[in-house]
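S.K.: Got a sequence here, can you model it:
(2 chains)
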Amino acid sequence: MTPIEQAESISSKLKLNRVSLKNFLTTQGILIVFIICLAGFSMFSDRFLSEENIMTVIRQASMIGIIAIGVTVVIIGGNLDLSVGSMLSFATVLVVDLHDKIGPTNAIIVMFAMTLLIGAINGLLIGYMKLNSLIVTLAMLSAIQGITLIYTGGQNVDIANQDATWFAVFGRGFVGGIAVPILMFAVLALCVHFVMRYTSYGRRIFAIGGNPTAAVYSGIRKSRCVFTTYMISAFSVGCAALVLGSRVMGSQNNVGQGYELLVLAGIILGGTSLMGGAGSVWKTVIGVLILGFIQNGLLLLGYPYYTQWLVTWVIIIVAVWLDLANQRKRLFTSHS
Amino acid sequence: MTAPATNNNQRSVDASIKPVLRLEGITKRFPGVVALNNVSFDVRAGEVHALLGENGAGKSTLMKCLAGKHQAEEGSIVLEGQKVSFSDPMEAKQHGIVLIHQELSLVSDLTVAENIFLGSLPLKWPNRVDWKKLRSDTDKILSRLQCTFRADDLVGDLSIAKKQMVEIARALVFTPKIVVFDEPTASLTDHEKPVLFNVINSLREHGVGIVYISHRMDEIFALSQRITVLRDGEYNGTVDTAQTNEDEVTKLMIGRSLELDHSSKPTEFKENVLEVRNLSVEGVFKDISFNVRNGEIVGMYGLVGAGRSEIAETIFGLRRPSAGEILLEGESVTVKSPHDAVARGIALVPESRKEQGLVLGLNCRDNITLSTLGSVSSLGVMSPKKELEIYEKYQRELKIKTPGWAQKVGNLSGGNQQKIVIGKWLTTHPKLLILDEPTRGIDVGSKAEIHALIKDLAKSGYAVLVISSEMPEVLGVSNRVIAMYSGQITAEFNADTVTEDELVQAITGQHKPASGTPLHAAGV
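M.R.: Predicted coordinates for the structure are as follows:
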C-alpha cells in the first residue's frame, strides 16, 4: 500500500465509523425518547406503568400498528398510501354488515377480496400507470368514503347476536393470556420485518425506494414491485378491519377517518423516511407504541382527549424536522 | 505518432490589438486530476475566439474558472487591464462576462420578458413590477437580436433555438464584454444555426469579445478569427483561422502518442452475439446496423446527442424500436424490458453512474448483488453467505477499494463506484456487455484500470460494446470503431488503422476523403 492509499483507507474507515455512530444515534434516539416518555408519565401517574395499562395501550395501538406495518412497506418503496383510513371504514362496514347475511367466514373472505381489489387499483394506477401516489391515494381516500356511504345508505351497521359468534375472537379474544389484536400485530410485524430484511423481495423494495431509475436499470420489475406494496398495505387494512369490526361488533360509516394520519405519524415518529429507500418495520412498531403511550399518558394526566391531536401534531412536526435535518447532513457528508 | 506542434506561424503576433480579457497561467486541480495546467488565453474586443479540444481537455473548466463557477488555484484573470477575481457567476456577470451553457437554464412557465429580466425585473413604487417598462426593454433587446417571438410568449412554448435566443437576450441585459458560447449548436437543426451565427456576428460587430467552444470544424472556420487548442488540460497553441486549415487544427487537437496499450487488445473473435439490423427509433436514430462478436470490443464514437446512448437503451429494452430488428446469437428477439434484457444475457453499464447505476443509500454488497438477487437467495430468502461470497469475489477481481462491504456506495470514489456497477453486471454472467461512457468523471489511474478490465473481459469471451465520447478511449480499447453523427452510422473503422482525422470527420458529418481540403467557408 502506498502512503496515499493508506491515508485514503484510514479516512474512509473513519467515515464509516462516523456513519455507523450516527446510525446508532438515530435509531437509538427514538428508543431514548420512548424511555423518557415512559419515565415522565410514570412520575405523574401510578397507573401508567401498571401491567394492565400497558396491555391496554399496546392493544389500542395495535390497530394503528397493523395498518402502519403495511404502509411502511409502501413508504420504503418510495410511495405513499393515504387511502388506508377510508379503506378501513369500508372494510369494517363490509365485514360487519355481511356477518349476519352470509356468515362470518364468507364475510371475511369477501371483505379481504374487496380490500385487495382496492389495493390492486391503487397498485395498477401507481405501479403500472406511474401516476403520483399522493394524488391517487388521496383520491381513493375520498372515493372509498363515498362508496362506503352509498353501500350503507348512511346507516350504521352492527352484528345482531354479539355473544354467539366466533367472530368476536379477533377483537375480544385472548390466546395464552395475550389479547388477539396484539398477537396479530406482533405476528404481522415479525413476518413483514422478515420479508423486508431477509428476502430478495425486500431488497428490491429498498432499491426501488432508494433509486427507482437504477432499480429499473438493474433489471428489477419496478411496476410489479410497487403494485405488490399496495397489496400488502391493503392486506394489513383487512387485518385491522377484522380487529375493529370484532371489537365494536358494529361500525359507523366513517370509523377509519383520520387513521391515515395516525398511521403516518407512527411511521414518521419511528424514523422511517418519507423519501423512501430507508426505514424498517421495527422502527414503525416503536413509533406506533410511542404514539399510543403519549396519548394514553395525556388521558391519565386528565387532559381532555382532543389535546392528544395537538400533541400528535407537535410530535409529527418535530419528527419530520429531525428527519429533514438528518437528510441534509447525509447530503453533505456523502458529497465528498 | 505525430510531430510535436512546433509553432512557427501558429501564434498570432498582432500585438497591436490589445485583448479585453486575458487569462494567465490558470491552474485548476480536482481531486486526483489536474484539470488545467498553466493555461493562458485571451480575447480581443470584436473577435470570435474559438476554443478547441477533445472532451476532457479542459475547455469547459477553463470557462467556468472565467465565469466564477470554479476558482482557479493559480493564475489570474485580467479584464480591461485590471486584475479581477469572481467568487460566483453573478459577480462575473456584473463585470460583463456571461457564459451561455449547453443546457439552458430558463423557467419554462414564465414569459420571455420575465425570463430575460429574471432577478432584475424593473420595479415601480411600491415594489410592483413595471410591466410596461419590462415589455419595452424586452422588445428593444429582441429587435436587436431580430427575434421573431414576442415578449409575452411563454418560454415553454418556444423551440430550442428560440430558447437559446432568450438565453442570449438575457446576457445582453448586462451589456456584456465577453460572451462564452459552450457548444451552442449541439441541439440546433441545420436551418436554425444561421440565425445563431448572425447574432454572434452582430455581437462581434458591436465590439463584444466572443469565446466559441465547439467540436464542429466547419462552424469554427466559418465564425472565428482565432483558434486556441487545449489538450489534456494544457495550452497547445493559438492560430489565426485565416492562416490554417482543418488538418492542422485537428493535429494540434489530438496529435500525440496515445499512452494506451494497443497490444493487449483481444484478438480472437468467434460468432456474432449481437446483430442489429436497420434499427430505428422515430426521431432519435435511424437505420442502425452493426454486430458484436464473442471476444470482441466494438467502440461506438460520436458527439453527445448523436444517438449512441439511445441505441444502447433500445437494445436493453428501455425503448421500443420503431423499425428494424435485434438478433441475439442469431435469433431475432424483442427485448421488452430491462428485466427481459438481463434474462437474455444483456448488461448495460449506464452513462450516469449515480442516477442510473447505483442505489447510493445501499451498501457495496447490496449494490453488487442487485441484479442477481435470484442466485443469492433460495425461495426468496437471501443467503448472507452467498451474498458475501459474490461480493468478495468481485471485490477481489475488480480490485474495488472499500473499507468493507457495509460501506455505502455514495462514499466511494468515482472509479470504485464504476467498478461496483461493472461488478453488478458480471454477477449475471451476461453474453453482451454494453458500457456507456465507462470512464466519465473518473481519475486517470482508475481509467487505465477500467480499460484493462474491459479488455480482459473481452478476452474471457464477453462481447463488449463501448460507447464513448473520448477518442483515446475508443481507439485504445476497441477492435472496431463505429462512428455516429446525428442519429446515423457514418462509418466503420478498424481501430488499429484508422487515423484520428478520419474519425473526427466521421463524427462531425464531414463526408470527405482523409487528406482533402478543409471545408473553409471564408469571409463570414
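
S.K.: From here on, just use CA atoms for contacts and neighbour counts.
M.R.: Will do.

S.K.: So which residues make contact with stretch A:96-111?
M.R.: The contact list for stretch A:96-111 (C-alpha atoms under 8 Å, 6 or more residues apart in numbering or on different chains) reads A:91, A:94-95, A:157-160, A:167, A:238, A:242, A:245-246, A:249-251.

S.K.: Pull out the buried positions in it.
M.R.: Of all the residues in stretch A:96-111, those buried under the rule 16 or more other C-alpha atoms under 10 Å in any protein chain shown are A:Val96, A:Asp97, A:Leu98, A:His99, A:Pro104, A:Ala107, A:Ile108, A:Val110, A:Met111.

S.K.: Can you flag which of these belong to helices?
M.R.: A:Val96, A:Asp97, A:Leu98, A:His99, A:Pro104, A:Ala107, A:Ile108, A:Val110, A:Met111 (DSSP state H).

S.K.: ok, back up a step: got a ChimeraX select line for the buried ones in the contacts of stretch A:96-111?
M.R.: What follows is the ChimeraX syntax for the buried subset of these, where burial is set by 16+ other C-alpha under 10 Å:
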select /A:91,94,95,157,158,159,167,238,242,245,246,249,250,251
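
S.K.: can you map out the strands along the stretch 101-250 of chain A?
M.R.: Assigned by DSSP state E, counting those that start in this stretch, the stretch 101-250 of chain A shows strands spanning A:157-158, A:174-175, A:178-179, A:250-251.

S.K.: Out of those, flag the one nearest B:Thr314.
M.R.: Taking C-alpha to C-alpha as the measure, those were each checked against B:Thr314, and strand A:250-251 came out nearest at 53.8 Å.

S.K.: elements contacting the helix or strand following the closest one?
M.R.: Towards the C-terminus, the helix or strand next in line after strand A:250-251, according to DSSP states H and E, is helix A:259-270. With contacts defined as 3 or more C-alpha pairs under 8 Å, 6 or more residues apart in numbering or on different chains; DSSP states H and E, helix A:259-270 has these neighbours: helix A:51-76, helix A:84-102, helix A:281-300, helix A:307-333.

S.K.: Put together TSV for the ones you listed, with distance to B:Ala67 on each row.
M.R.: Listed next are the helices and strands packed on helix A:259-270 as TSV, based on distance: least, C-alpha to C-alpha, whole Å:
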stretch	distance to B:Ala67
helix A:51-76	42
helix A:84-102	52
helix A:281-300	48
helix A:307-333	25
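
S.K.: Return the most buried member of these.
M.R.: Per residue and on average, the most neighbours among those fall to helix A:84-102, with a mean of 26 (mean count of other C-alpha atoms under 10 Å in any protein chain shown).

S.K.: CA atoms of that one as CSV?
M.R.: These are the backbone C-alpha positions of helix A:84-102, laid out as CSV (Å, rounded to 0.1, in the frame of the first residue of the first chain):
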residue,chain,number,x,y,z
VAL,A,84,-56.0,3.4,4.3
GLY,A,85,-58.3,5.4,6.5
SER,A,86,-61.4,5.1,4.4
MET,A,87,-60.4,1.6,3.3
LEU,A,88,-60.6,0.7,7.0
SER,A,89,-64.1,2.2,7.2
PHE,A,90,-65.2,0.4,4.1
ALA,A,91,-63.7,-3.0,5.1
THR,A,92,-65.1,-2.8,8.7
VAL,A,93,-68.6,-1.8,7.5
LEU,A,94,-68.4,-4.6,4.9
VAL,A,95,-67.4,-7.4,7.3
VAL,A,96,-69.8,-6.3,10.0
ASP,A,97,-72.7,-6.0,7.6
LEU,A,98,-72.1,-9.3,5.8
HIS,A,99,-71.6,-11.2,9.0
ASP,A,100,-75.2,-11.7,9.6
LYS,A,101,-76.1,-12.0,5.9
ILE,A,102,-73.6,-14.7,4.7
